[in-house]
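Engineer: Here's a sequence, model it:
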Amino acid sequence: MAPEAPAKTRAPAARAAAPRGAARLVRWDVIVTALLIVVFAGGALGTSDFATGDNLSFALGDLSEIALIALPMTLLVVAAEVDLSVASVLGLCSALFGALWNAGWAIETIIPLLILIGALGGLVNGLLVTRLGLPSLAVTIGTMTLYRGLAYVVLGTKAVAQFPQNYADMAVKTVPGTPIPYPFALFVVLAIATAIVLHATGLGRALFAIGAQEEAAFFAGIRVKRIKLLLFVVSGVVAAFAGAVYTLRYGSARADNGIGLELAVIAAVLLGGVDFDGGRGTLGGVVAGVLLIGLLRNLLMLRDVATEIQSIVTGLLLIVSVLTPRIVARVREARRHHRGSLPAPS
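Structural biologist: Numbers count the residues shown, from 1 in each chain. The predicted structure is shown next:
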């Protein structure tokens, strides 16, 4: 059987000097981690309520959906793809949650169905990207609007509340003896599993190869389309599950739940050092990026900073995380070019 054709070709020169790229990435991870420590220390010293168990529990809980969705998003971006429909999948599944609960369905039936819907949404994205060769950015902008529209068709502008207390408790209560909410504890477990997949398995090496140079990965025998399709499906599944967590945590199913969440997810992934062009990144950096954004948001909230300003900060972090590695890369390239143009010593 002939191998599947690659969806696109990446220039070989784009991934030259891999060792320098790896070293640059490590330094970027260290910078993000250092910023995280500075923000935490500054918050603890400057705001009395910041480092309390109750506030940290709230901050981690408020971060749960972003953190969960950031895991498959990391894999997608490493493979040089992106999924901007995740927040709309979350909203659609939240709306379905409310509509089905109103119709008398049991929670035990609703959640598996939501996961199936999320998988279907991811499958649509994946098929459009891998089978029709469309760019994931354009595809998922379209499905972002489509899925959010379907959410309003399902539930309209009304809200549904009064879910079973035992399920609501699971979305907000903490692991005994810690300030870590159960959804964030699940994120920790999934993050460890994702790190193993990304950095210690053949699939992870395949993702880096696809993101670095897709055509070369294809001719090396990597099933590029199949892997990308799987990533989009996983992204949809996790977004759907995050929709259930979001609904139970807030105790409200609404069609507009999670609006703008995809921006925070992308910002966390890129801030963590994952190259938007693919082929580079570490999950440790992404975890640091997720925590940095979450703690910054919490600190701004404690200081009564308006929600609009918090959004501006997230947007600025996104811009900085995209621009900084490219500026550093251009400076290094200019220095190499300058050294190469110097006359040889006599």
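Engineer: Okay, Tyr250 and Asp62: tell me how far apart.
Structural biologist: Counting by CB to CB, to the nearest Å, the gap from Tyr250 to Asp62 is 10 Å. Every C-beta, even on glycine, is put in place using the N, C-alpha and C of the backbone.
Engineer: next one: Gly91
Structural biologist: When Gly91 is compared with Asp62 (using CB to CB), they lie 17 Å apart.
Engineer: more crowded one of the two?
Structural biologist: Each of Gly91 and Asp62 had its neighbours counted (other CB atoms under 10 Å), and the higher figure belongs to Gly91 (30 against 16).
Engineer: Could you export whichever strand or helix holds that one as PDB, CA atoms only?
Structural biologist: Assigned by DSSP states H and E, Gly91 falls within helix 86-102. Extracted in PDB, the C-alpha atoms of helix 86-102 (Å, rounded to 0.1, in the frame of the first residue of the first chain):
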ATOM      1  CA  VAL A  86     -11.800  24.000  21.900                       C
ATOM      2  CA  ALA A  87     -13.700  26.700  23.800                       C
ATOM      3  CA  SER A  88     -16.700  26.300  21.500                       C
ATOM      4  CA  VAL A  89     -16.700  22.600  22.000                       C
ATOM      5  CA  LEU A  90     -16.600  23.300  25.700                       C
ATOM      6  CA  GLY A  91     -19.600  25.600  25.300                       C
ATOM      7  CA  LEU A  92     -21.500  23.200  23.100                       C
ATOM      8  CA  CYS A  93     -21.000  20.400  25.600                       C
ATOM      9  CA  SER A  94     -22.100  22.600  28.500                       C
ATOM     10  CA  ALA A  95     -25.300  23.500  26.600                       C
ATOM     11  CA  LEU A  96     -25.900  19.900  25.900                       C
ATOM     12  CA  PHE A  97     -25.300  19.000  29.500                       C
ATOM     13  CA  GLY A  98     -28.000  21.500  30.600                       C
ATOM     14  CA  ALA A  99     -30.500  20.400  27.900                       C
ATOM     15  CA  LEU A 100     -30.100  16.700  28.600                       C
ATOM     16  CA  TRP A 101     -30.300  17.300  32.400                       C
ATOM     17  CA  ASN A 102     -33.500  19.200  31.900                       C
END
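Engineer: Check the offset of that helix from the chain's centre.
Structural biologist: The chain centroid and the centroid of helix 86-102 are separated by 19 Å, computed with CA atoms, centre = their mean, to the nearest Å.
Engineer: That helix: which residues count as buried?
Structural biologist: 86-101 (16 or more other CB atoms under 10 Å).
Engineer: Kindly report the same for stretch 113-130.
Structural biologist: Residues of stretch 113-130 classed as buried by neighbour count (16+ other CB under 10 Å): 114-115, 117-119, 121-130.
Engineer: Assign a three-state SS to Thr178, would you?
Structural biologist: When classified by DSSP: H, G, I helix; E, B strand; the rest coil, Thr178 comes out as coil.
Engineer: What are the phi and psi values at it?
Structural biologist: phi -140, psi 160 (degrees, to the nearest 10).
Engineer: And it, how close does it get to Val188?
Structural biologist: Using CB to CB, one obtains 11 Å as the distance from Thr178 to Val188.
Engineer: contacting residues around the residue most central in space within the chain?
Structural biologist: Nearest to the mean C-alpha position of the chain, by CA atoms, centre = their mean, lies Ala70 at 2.2 Å. Neighbouring residues of Ala70 by CB atoms under 8 Å, 6 or more residues apart in numbering: Val265, Ala268, Val269, Val286, Gly289, Val290.
Engineer: could you dump stretch 289-298 to CSV, C-alpha only?
Structural biologist: Taking Å, rounded to 0.1, in the frame of the first residue of the first chain, the C-alpha atoms of stretch 289-298 are listed here in CSV:
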residue,chain,number,x,y,z
GLY,A,289,3.2,28.7,31.4
VAL,A,290,-0.3,27.4,32.5
LEU,A,291,0.6,28.1,36.2
LEU,A,292,2.1,31.5,35.3
ILE,A,293,-1.1,32.7,33.5
GLY,A,294,-3.3,31.3,36.2
LEU,A,295,-1.4,32.9,39.1
LEU,A,296,-1.1,36.2,37.3
ARG,A,297,-4.9,36.2,36.7
ASN,A,298,-5.6,35.4,40.3
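Engineer: Show me which residues of stretch 305-318 are buried.
Structural biologist: Neighbour-count burial for stretch 305-318 [16+ other CB under 10 Å]: Gln310, Val313, Thr314, Leu317, Leu318.
Engineer: now swap in stretch 163-182 and tell me
Structural biologist: Result for stretch 163-182 [16+ other CB under 10 Å]: buried residues Phe163, Ala168, Met170, Ala171, Val172, Thr174, Pro179, Ile180, Pro181, Tyr182.
Engineer: Figure out how far whichever strand or helix holds Leu60 is from the centre of its chain.
Structural biologist: Using DSSP H and E, Leu60 falls within helix 53-78. Helix 53-78 sits 8 Å away from the centroid of its parent chain (CA atoms, centre = their mean).
Engineer: Helix 86-102 and that helix, what's the angle between them?
Structural biologist: 120 degrees (axes from the mean of the first three to the mean of the last three CA atoms, to 10 degrees).
Engineer: quick one: average confidence on helix 53-78?
Structural biologist: In this model, helix 53-78 has a mean pLDDT of 96.
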